[in-house]
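>>> From the sequence below, what's the structure:
(chains A, B and C)
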Amino acid sequence: MVEVLITVIKIVAIVFVFAMGVASLMTLLGDRKQSAKIQNRVGPNQAKFFGFSLGGIPHFIADGIKMILKENTMPNGANKWLHTLAPALIFFPALVGWAVIPFMDHYCTGSVRTLADYTEVCIDGEWKNYFSIMHSDAGLLFAFAIAAVSVYGAAIAGWASNNKFSLLGGLRSSAQMISYEVSMGLSLAGVLMIYGTLNLNEMVRAQGYLFGGWLPMWGIVVQPLAFFLFFLAGLAETKRAPFDLPEDESVIVAGYITEYSSMKFAIMQLSEYVATVFIAALIAILFLGGWQVPFLYADGIRFLGNHWQPFAENPDLWYYFTIMLRIGAMVLKVLFLVWLQFMMRWTLPRFRYDQVMTLGWKILLPLSIANLFITALILTIL
Amino acid sequence: MALVETRPVNRIKQNLWDKSYIPEIVRGLAITTRHFFRNMNPDKSQRSTFTREYPEVPTVYPERYRGLHRLMLRADGQVRCVACMCCSTICPADCIHIEAAEHDDPAIEKYPRVFVIDELRCIVCGLCVEACPCDAIRMDGGVHIPPYTERGAAFFDRDLLMERGGLSLAVQGGESK
Amino acid sequence: MPKVTVNGTEIEVDKGTTILRAAAEAGFEVPHFCYHPALSIPANCRMCLVEVEGAWKLQPACYSQVTDGMVINTKSERVVKAQKAVLEFILVNHPVDCPICDQAGECKLQDYYVAYDSQESRLRAEKVHKVKVFPIGPEVLYDGERCILCTRCVRFCEEITATNELTIVQRGDRAEIRAFPGRELDNKYSVCTADICPVGALTARDFRFKCRVWLLNSTDSVCTGCSNGCNIHLEHFRNEIQRYRPRFNPAVNDYWMCDAGRLTYKEVHTDRLLHPTNNGAELNWHAVCETVADKLKRAIDEVGSDKIALVLSPQASCEDLHLARKFASDVIKTSRFYMGGKRDGDSDDFLIKADKNPNRRGIEAVFGSTTAALPFSQLVDDIEAGTVQVVYMMDQYMPVDAATAARFVERLDKLKLFVFQAQHQGALAQKAHIALPVCSHAESEGTFVNFEGIAQGFERAFAAHGESLPHWQIFMRLAQAMGKPFSYTFIQQIRKEMFAPRPDSVASGTAEGVPVE
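Predicted coordinates:
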């Protein structure tokens, strides 16, 4: 019973508070405020709470109310059933993926000791999964599998709208997502070989190793090319600029979202932002050490073989402090990556469609295969 | 065979590093990031946004701003205009409508029976003021054409324009005294 | 044939040519106020002074005749100085009230000041004040301050109308134009004085303050006031005729036209029929043509073609009449024509003709005979006798006395069908089963044949009022609706055809001349 309650709390906290909260704030802060700052504008500031514009935040509440109150239209000749189903098909995988994202290591009911190879073991107790919804040994596969499902939503939305632009948007979206999933997966193969696991939490744990006592062996250090490839492919996968061909405003109106209005439109927009945050979380976990804070361990600070132990008289206090810091680190890393993605979005112009395909198949794919071979070679030699 | 004039174009040779566009992307990111942080500065004067916060902060009109029309008056309060139609002829927006009529006083001879300016159609160019040979029409500095909710309210007729006007020192037929 | 040199250009001119004409032939303008080609030459304005080699004084170009080997300079320093001096002299007491003056824009003084003077006034004293807005005649107002005393108007009344109303009174800077005591400028051509007045001293009461002349668009047209067919500039602004101005044509009206003719433009804009109606209900052209065709067909079946009468209008152009004839003969198959048009009016021995219809000779030219149409009074009798049961009438004019006209209007009730095709509303339009709106001559193009048989074309000036169409286009539509369409696309095709069978009766071709005013 308690387990179920804990799971429910985890779902609410991670999916609805964190993922949805960040995503919906992104619609305002990332899309409108950040672009305004970059372009020397002020951005939205006219919606106010008691005369305070609060950095424009009331706008996203106003937008939400507007979306709910708007008429829900459906074009003539659209497939009613699929047209209504498609937003759900896009929204569902964007949320379900969060099940395997660890925000912190498992909680140890006993005391934690860090070994010489910087792995933490739980003594006199057991690991309790309190900080990710689901502890799965196939976590990464699960994330990929779920992410791939969202192609169906876009394609169905495009087809069911009975609109040329929507159909083109749906086709572009499916072609682009399928193309980039290949290089995305292959670029991670090297990482998987090094960590030897698909469990995301285990991967983060492995990144706690300090090389030479001072260099955290994060994914970005051991697999710099893979980080680069995965970041690019992730950008393309979330269909944000410069890869926002499926909703190329100047060419195909709004792509597969063209014929959606009201909350359906809001959900489709929102799931794109949730996908952005999800990719940011994956990158943080795979390449930026996830919840790891450098040199900070559950039983003290370690640097160049030295070991300090603050609050030595009360190790539990230090442990709670570490948990807080680690969750904060994870959140900050995700937010930074989201910010970076939006910076990319407002910096680079949109690609031409053939360039997107060229980049995916002729550049990213060979590079990720090369990365895989080189990694395999080095691992064999070592 | 026709001669074709050719001009050699020096193409910049790109190496592999340039072709990856990584340096250019980084440069672009640096620019946008610089802008982003400059405009996040809590000191608003240090930001490079030049948006005028219009309804909160009133606009400063330039010294030579030409705004709302007015019709000038003679010493006895009659309209200065003699309905020569110079303003309505030069008006590029065709927003001035004048109907001339015979004045009882033969020294004045002609006056505008109807004088209507469509302030919504007016493009505020000031050519009517330039064209007026009698100093009869002027445009106010600093006074903006007000917003209207009704189309008809934008038609300023002679009496309304005269209400806004003042005494003109011009003399009919130029300076004779 | 004397040979003269004007500003270095050598030309040969006829004997007796004045220097001004010779210079014009050589391509040099000599400014002038008092000279008018149709009037005698007083040489009193001194604006046209030119330098003649050998003569120690400057010579008035308008008056001096050329001699063989004369060397003329119209642009020498002395001439320029003289022109400036003359203009300054004329402007000494001129009020320079161009914003008020109606002549501004077509004023010679204004033009010459810009072209030959353009210096500031040196006068510091009070200007002489004279009479303003003086009603010198019923149609013309006089402004003494603007007058430059060129005496064009005085000479016009002496030489053209021979009525001698005007003269100059007082002397020196107090001189003014006045009518002789007990008289006023009330001849039938008085507004011509406003036309020839080089400044704004004489202005037409009708056009006064109505529109600035630079806003006017001018279209070459023909006056419809009488059968003289005076050539006019039809001047209009925003789809409305503002005035008629005579257009020089030595074969018809020279530089002149009558006051009554000038005012005929008002008819174009009063009481116009704007929409086709069927028993008072407005219809579109397609529907009304179908209705007329239907009714005409039924009438032909019931009463026979020979009981259908077509009232021709001598107000319509030859093109209209040609199609009326074709419509009657080919579509309705009747030859029962009656003559409409205005009643005869006053006349004189100059330009005004008793026949107030511009195109009576056009009917003769198109129909080939003077007896093609029966008189209108016959129509009233024929309706009463029952020999006419359907009337198709062009234009609302009835060339009969009031009693007969009233009788005609009354008898209209007896008709099976009365189709009325005219410009104006009125009793006939009220009675008509079908009323079709027609364009005026200002809204269509066509040809009028004047009383002497001179065919003169007129141009379209502006868009048609309401839904009105020219007569010929209505006949085209009706013929189409009746299933026997005419194959014309352009009015030129009708024009080519209309005089073709009977070219002997008309001296065709428009007489044209270029005014050298």
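>>> how about the residue of the stretch 1-150 of chain A found nearest chain C, what does it touch?
Nearest residue of the stretch 1-150 of chain A to chain C, counting by Cβ to the nearest Cβ: residue A:76, 33.2 Å away. Every C-beta, even on glycine, is put in place using the N, C-alpha and C of the backbone. By Cβ atoms under 8 Å, 6 or more residues apart in numbering or on different chains, residue A:76 lies in contact with residue A:162.
>>> how close does the closest residue to residue C:274 other than its chain neighbours sit to chain A?
With sequence-adjacent residues excluded and distances taken as Cβ to Cβ, 6 or more residues apart in numbering or on different chains, residue C:274 is closest to residue C:466, at 2.7 Å. Separation of residue C:466 from chain A (Cβ to the nearest Cβ, to the nearest Å): 41 Å.
>>> how many other residues sit next to residue C:466?
12 (other Cβ atoms under 10 Å in any protein chain shown).
>>> Surely it and residue C:272 touch.
Yes. The pair residue C:466 and residue C:272 qualifies as a contact (Cβ atoms under 8 Å) at a distance of 6.5 Å.
>>> So for those two, which residues contact both of them?
Joint contacts of residue C:466 and residue C:272 (Cβ under 8 Å, 6+ apart) are residue C:437.
>>> near chain B, which residues of the stretch 201-350 of chain A?
Counting by Cβ under 8 Å from any Cβ of the partner chain, the stretch 201-350 of chain A comes close to chain B at A:343, A:344, A:346, A:347, A:348.
>>> Tell me which of those fall in helices.
A:343, A:344, A:346, A:347 (DSSP state H).
>>> Buried residues in the helix ranked longest in chain B, which are they?
Assignment by DSSP H gives helix B:22-38 as the longest helix of chain B. Within helix B:22-38, the residues that count as buried by 16 or more other Cβ atoms under 10 Å in any protein chain shown are B:28, B:29, B:32, B:35, B:36.
>>> Contacts for that helix, please.
Against helix B:22-38 from outside (Cβ under 8 Å, 6+ apart): A:34, A:37-40, A:343-344, A:346-348, B:17-18, B:46-48.
>>> cool, stretch A:327-345 as well?
A:18, A:22, A:26, A:30-31, A:34-35, A:38, A:103-104, A:131, A:235, A:238, A:240-242, A:244, A:276-277, A:279-281, A:283-284, A:288-293, B:25, B:29, B:32-33, B:36.
>>> In helices, which of those residues fall?
Per DSSP H, the contacts of stretch A:327-345 map to helices at A:22, A:35, A:38, A:235, A:276-277, A:279-281, A:283-284, B:25, B:29, B:32-33, B:36.
>>> what's the distance between the helix or strand residue A:95 falls within and the middle of its chain?
Using DSSP states H and E, residue A:95 falls within helix A:80-96. Distance of helix A:80-96 from the chain centroid (Cα atoms, centre = their mean, to the nearest Å) equals 19 Å.
>>> other SSEs contacting that helix?
helix A:139-160, helix A:262-287 (3 or more Cβ pairs under 8 Å, 6 or more residues apart in numbering or on different chains; DSSP states H and E).
>>> what's the most buried one of those helices?
helix A:262-287 (a mean of 24; mean count of other Cβ atoms under 10 Å in any protein chain shown).
>>> Let me know the average pLDDT across stretch C:188-206.
Throughout stretch C:188-206, pLDDT has a mean value of 93.
>>> The residue nearest to residue B:102 when sequence neighbours are not counted: what secondary structure?
Nearest non-adjacent residue to residue B:102, counting by Cβ to Cβ, 6+ apart: residue C:209, 6.3 Å away. Three-state call for residue C:209 (DSSP: H, G, I helix; E, B strand; the rest coil): coil.
>>> what does the one 5 residues further on give?
Reducing the assignment at residue C:214 to three states with three-state DSSP gives helix.
>>> looking at it, it is touching residue C:107, isn't it?
No. Counting by Cβ under 8 Å, residue C:214 stays clear of residue C:107, with 11.1 Å between them.
>>> What about residue 170, how many residues nearby?
Let's take chain A. 26.
>>> nope, chain B please
Residue B:170, neighbours per other Cβ under 10 Å, totals 16.
>>> Residue A:221: neighbour count?
14.
>>> now for the helix or strand where it lies, which elements pack on it?
Taking DSSP H and E as the definition, residue A:221 sits inside helix A:219-222. Counting contacts by 3+ Cβ pairs under 8 Å, 6+ apart, helix A:219-222 is packed against helix A:164-195, helix A:224-237, helix A:262-287.
>>> Where does chain C get nearest to chain B, residue-wise?
For chain C, Cβ to the nearest Cβ, closest residue to chain B: residue C:99, 3.4 Å.
>>> Redo the helices and strands packed on helix A:80-96 as CSV? Include distance to residue A:9.
Output for the helices and strands packed on helix A:80-96, formatted as CSV (distance: least, Cβ to Cβ, whole Å):
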stretch, distance to residue A:9
helix A:139-160, 20
helix A:262-287, 19
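>>> okay, residue 332: pLDDT?
All of this refers to chain A. 90.
>>> wrong one, I was asking about chain C
The predicted local confidence for residue C:332 is 87.
>>> if we can go back for a sec, among the ones in helices among the residues of the stretch 201-350 of chain A next to chain B, list the two that are farthest apart in space.
Within these, two members stand farthest from each other by Cβ to Cβ: A:344 and A:346, at 7.7 Å.
>>> Which neighbours do those two have in common?
residue A:241.
>>> The helix or strand of chain B with the lowest mean pLDDT: which residues count as buried?
Least confident helix or strand of chain B, by mean pLDDT, DSSP states H and E, is helix B:16-19 with a mean of 81. By 16+ other Cβ under 10 Å, helix B:16-19 has no buried positions at all.
>>> ok, and does it reach over to chain A?
No. Under the criterion of Cβ under 8 Å from any Cβ, helix B:16-19 makes no contact with chain A; the nearest approach is 10.1 Å.
>>> Could I get the full set of helices for the stretch 251-400 of chain C?
C:259-262, C:285-303, C:318-326, C:360-367, C:376-385 (DSSP state H, counting those that start in this stretch).
>>> Could you check which helix or strand contains the nearest residue to residue C:193 once chain neighbours are set aside?
In space, and not counting its chain neighbours, residue C:193 is closest to residue C:153: 3.9 Å by Cβ to Cβ, 6+ apart. Using DSSP H and E, residue C:153 falls within helix C:152-155.
>>> Which other helices and strands does that helix contact?
strand C:166-169, helix C:191-196.
>>> by contact count, what packs against the first one?
Contacting strand C:166-169 under the criterion 3+ Cβ pairs under 8 Å, 6+ apart are the following elements: helix C:152-155, strand C:176-179.
>>> quick one: contacts of it?
C:136, C:149, C:151, C:153-154, C:157, C:175-180, C:185, C:193.
>>> got any ranges where the chain has weak pLDDT?
Using chain A here. Residue ranges of chain A with pLDDT under 70: none are present.
>>> oops, I was thinking of chain C
In chain C (pLDDT under 70), the answer is C:500-517.
>>> Kindly report the domain assignment for it.
Following automatic domain parsing, chain C resolves into domains at C:3-92, C:124-269, C:277-498.
>>> before we move on, back to that, settle it for me: which of residue C:214 and residue C:107 has more neighbours?
residue C:107 (19 against 11).
>>> can you give me phi and psi for that one?
Phi and psi for residue C:107, reported as degrees, to the nearest 10, are phi -100, psi 130.
>>> Was I right to think it contacts residue C:197?
No. Residue C:107 lies out of contact with residue C:197 (Cβ under 8 Å); the separation is 9.4 Å.
>>> if we can go back for a sec, now, which of the buried residues of helix B:22-38 sits nearest chain C?
Among the buried residues of helix B:22-38, and counting by Cβ to the nearest Cβ, the member closest to chain C is residue B:35, at 54.7 Å.
>>> With adjacent residues omitted, what lies nearest to residue 101?
No chain specified, so I'll use chain A. residue A:281 (5.0 Å).
>>> Switch to chain C, please.
Nearest one to residue C:101, counting by Cβ to Cβ, 6+ apart, is residue C:200 at 3.9 Å.
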